[in-house]
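> Predicted coordinates and the sequence they were generated for:
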Amino acid sequence: MEKKTLAAVAGLVAGTLFAATRGRDRLALSRAKHPGPGGHVRMAKRLAAQIPYYAHVEERFFRADGCDTTVAARRRAAFERLAALYAERFPTTLALTAETRPGLSDLQFTGRYRAPFPFAQTVREHLPVGAFMAKSDGAWLTDLDGNRFIDLTGSYGVNLFGNDFYKETMREALDTAEPLGGVLGSYHPVVADNVRRLRALSGLDEVSFHMSGTEAVMQAVRLARYHTGRKRLVRFAGAYHGWWGDVQPGIGNPIPADHTLTLADQSEQTLAVLATRNDIACVLVNPLQALHPNGGAPSDSQLVDSARAAGADLPAYIAWLRRLADTCRANGIVLIVDEVFMGFRLAPGSVARAWGIDPDMIVWGKTLGGGLPIGVLTGRATLMKRWRDDRPVDICFARGTFNAHPYVMAATDAFLRRLETPQVAAMYDGMAARWNARAARLNALLAAATVPVAIANLATVWTFLYTRPSRYNWMLQYYLRAEGLALSWVGTGRLIFSLDVDDGLFHEIAERVVAAARRMQADGWWDGPAATNKQLKRRALKEALGARLRGR
């Protein structure tokens, strides 16, 4: 009986210790997460599911901030003028967009989220944005109606060296790959040159080719799990690594990402969690987060107030990444730097190497393909191996029919060879200082114009900030388009410049930005009653709650 009692006591003590340890680990993990919805993805999905659709139409569209009737009338008149301008200037482009939209789900999605959803219905009806362009010429785009725009889209990151550069690399690729054509399975000889150059640029042992950045990230995570025997991956709140499930937990993913931890950037609690847990296979880092740590890519659909924040403190961010790399290495965690978007944008090669970070894997994409779709994984030999010598049936499979496609490989080779030319070297020479000075110059012009707009940037990636609380900041994108500036679907949330933009063209861009902001200000969109950002958010929340109670 005494033995049974002692065993029971021992079991109780062990259970208590286990519960206490588990509770302590849970608390540490909770502290390491970003405190907002970006760090608590289950909560974010629950909140998103509770927000009903409602629309501001007619008078409510112009008075959502409680402005008086005089200001609302100015806004209405301005909106009607802008709508008439769009209809007059873009008829052919808009007609083909309208014809195509019902059959193209991608176009329906991007068009739906250019403005906060309560305003989107009226905007789509009266200020539609054309989805087609006819040609490019340097940093200029021409639509189907002959209107010329300065290209600030950056082709979502692909267009680093300018549209003409990629026309040349794709044209060369056609000539190089044409003798072999679309033969798959066997490699075109340029693959050998690509492997050699990518090993040198990354400082890593091996290369694996894919058809997109998303696919390359998937393979990196799969290999990390295979070799570590661990399931969990860590990403940082707001970072983007493609659209597949494990790296996009929360809103946008219909199933739970149970093996994904979303932690906070530049956090001591994060480093503590990574130093002690034994179930983390890999950590994913996107260098773009230096511009908005712990925040997602800004889009105009989120502008319910003026609280958008961005700004790059590179020395602090880089110092933290180096500590992150040391922590991962000490605990056997694979560090993956995702340079799909930022690779080659801050240096003629790897951002990680330029910053003195020593990752286990680097993922590349976008601009590297010379204008054609590509994803590339480079990594240490011990991690890139897809089989076990002592267990020949235990493999880590990854293969794609179009991986290392001859035309893609030829365009990649053309891109990599041009990196070594004096013309490209000149674009990188003094690049950071040049683009930071341009951002400062535009900020000075905006301040002199006394408009509530400012710029934050990470080299050639820029975003607009707003210095006066307002519910109508998202309107700026439509004034910018009227001034002949082509924007990506996230609108003023992201401007992506190509390096062929010279001082003369930048001066023209700056003038157009200031003119757009002045016109928007003159039209009364920033003339609402004085309010704080918190008050504007509460107003939007009250609207949503009212719509839910009404069952709308």
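Arrived safely, thanks for sending.

> Every contact and neighbour count from this point should use C-alpha atoms.
Noted.

> Report how many residues lie close to H227.
By other C-alpha atoms under 10 Å, 18 other residues sit near H227.

> Neighbours of the closest residue to P116 other than its chain neighbours, how many?
Residue nearest to P116 in three dimensions, not counting chain neighbours: S301, with 4.0 Å by C-alpha to C-alpha, 6 or more residues apart in numbering. By other C-alpha under 10 Å, 19 other residues sit near S301.

> now do the one 3 residues further on
If you count neighbours by other C-alpha under 10 Å, V304 ends up with 25.

> go on, G430?
Around G430 there are 10 other residues, counting by other C-alpha under 10 Å.

> same check, this time on S212
By the criterion of other C-alpha under 10 Å, S212 has 20 neighbours.

> repeat for S299
S299 has 22 neighbours, counted by other C-alpha under 10 Å.

> With the one 10 residues further on instead?
Residue crowding around A309 was assessed by other C-alpha under 10 Å; the count is 15.

> Let's see the pLDDT reported for Y53.
Here, the pLDDT recorded for Y53 equals 87.

> right, I mislabeled it, should have said D413
Confidence score, pLDDT, at D413: 98.

> From D523, how far out is the closest residue to it other than its chain neighbours?
Of all residues not flanking D413 in the chain, N194 sits nearest, at 5.8 Å (C-alpha to C-alpha, 6+ apart). Counting by C-alpha to C-alpha, to the nearest Å, the gap from N194 to D523 is 54 Å.

> any idea of the mean pLDDT for the helix or strand encompassing L82?
Using DSSP states H and E, L82 falls within helix 69-89. What helix 69-89 shows for mean pLDDT is 97.

> In CSV, could you pull the C-alpha coordinates for the next helix or strand after that helix?
The C-terminal neighbour of helix 69-89 among helices and strands, as given by DSSP H and E, is helix 91-100. Output in CSV follows, covering the C-alpha atoms of helix 91-100 (Å, rounded to 0.1, in the frame of the first residue of the first chain):
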residue,chain,number,x,y,z
PRO,A,91,-12.7,54.0,-72.9
THR,A,92,-11.0,51.1,-74.8
THR,A,93,-8.9,49.9,-71.9
LEU,A,94,-11.9,50.0,-69.6
ALA,A,95,-14.2,48.3,-72.0
LEU,A,96,-11.9,45.3,-72.5
THR,A,97,-11.4,45.1,-68.7
ALA,A,98,-15.1,45.0,-68.2
GLU,A,99,-15.5,42.3,-70.9
THR,A,100,-12.8,40.1,-69.4
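
> Report the next helix or strand after helix 91-100 in sequence order.
Note on helix 91-100: by DSSP H and E, the next helix or strand toward the C-terminus is helix 105-112.

> Against which helices or strands is the helix holding L82 packed?
The criterion is 3 or more C-alpha pairs under 8 Å, 6 or more residues apart in numbering; DSSP states H and E, and the helices and strands that helix 69-89 contacts are helix 59-62, helix 476-482.

> buried residues in that helix?
By neighbour count on 16 or more other C-alpha atoms under 10 Å, the buried set for helix 69-89 is V71, A72, A73, R74, R75, R76, A78, F79, L82, A83, Y86, A87.

> That one versus helix 91-100: what angle between them?
For helix 69-89 against helix 91-100, the angle by axes from the mean of the first three to the mean of the last three C-alpha atoms, to 10 degrees is 90 degrees.

> State the pLDDT value of P315.
Reading off the model, P315 has pLDDT 95.

> and the helix or strand it falls within, how far from the chain's centre?
Secondary structure assigned from DSSP H and E places P315 in helix 314-330. Remark: helix 314-330 is offset 21 Å from the chain centroid, using C-alpha atoms, centre = their mean, to the nearest Å.

> Using PDB, list the CA coordinates for that helix.
Coordinates of the C-alpha atoms in helix 314-330 are reproduced here as PDB (Å, rounded to 0.1, in the frame of the first residue of the first chain):
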ATOM      1  CA  LEU A 314      18.600  49.000 -41.200                       C
ATOM      2  CA  PRO A 315      21.400  48.900 -38.600                       C
ATOM      3  CA  ALA A 316      19.000  47.700 -35.900                       C
ATOM      4  CA  TYR A 317      17.200  45.200 -38.100                       C
ATOM      5  CA  ILE A 318      20.500  43.800 -39.500                       C
ATOM      6  CA  ALA A 319      21.900  43.500 -36.000                       C
ATOM      7  CA  TRP A 320      18.900  41.500 -34.900                       C
ATOM      8  CA  LEU A 321      19.000  39.200 -37.900                       C
ATOM      9  CA  ARG A 322      22.600  38.400 -37.100                       C
ATOM     10  CA  ARG A 323      21.500  37.400 -33.600                       C
ATOM     11  CA  LEU A 324      18.700  35.400 -35.100                       C
ATOM     12  CA  ALA A 325      21.200  33.500 -37.300                       C
ATOM     13  CA  ASP A 326      23.400  32.700 -34.300                       C
ATOM     14  CA  THR A 327      20.400  31.500 -32.300                       C
ATOM     15  CA  CYS A 328      19.100  29.300 -35.000                       C
ATOM     16  CA  ARG A 329      22.600  27.800 -35.600                       C
ATOM     17  CA  ALA A 330      23.000  27.000 -31.900                       C
END
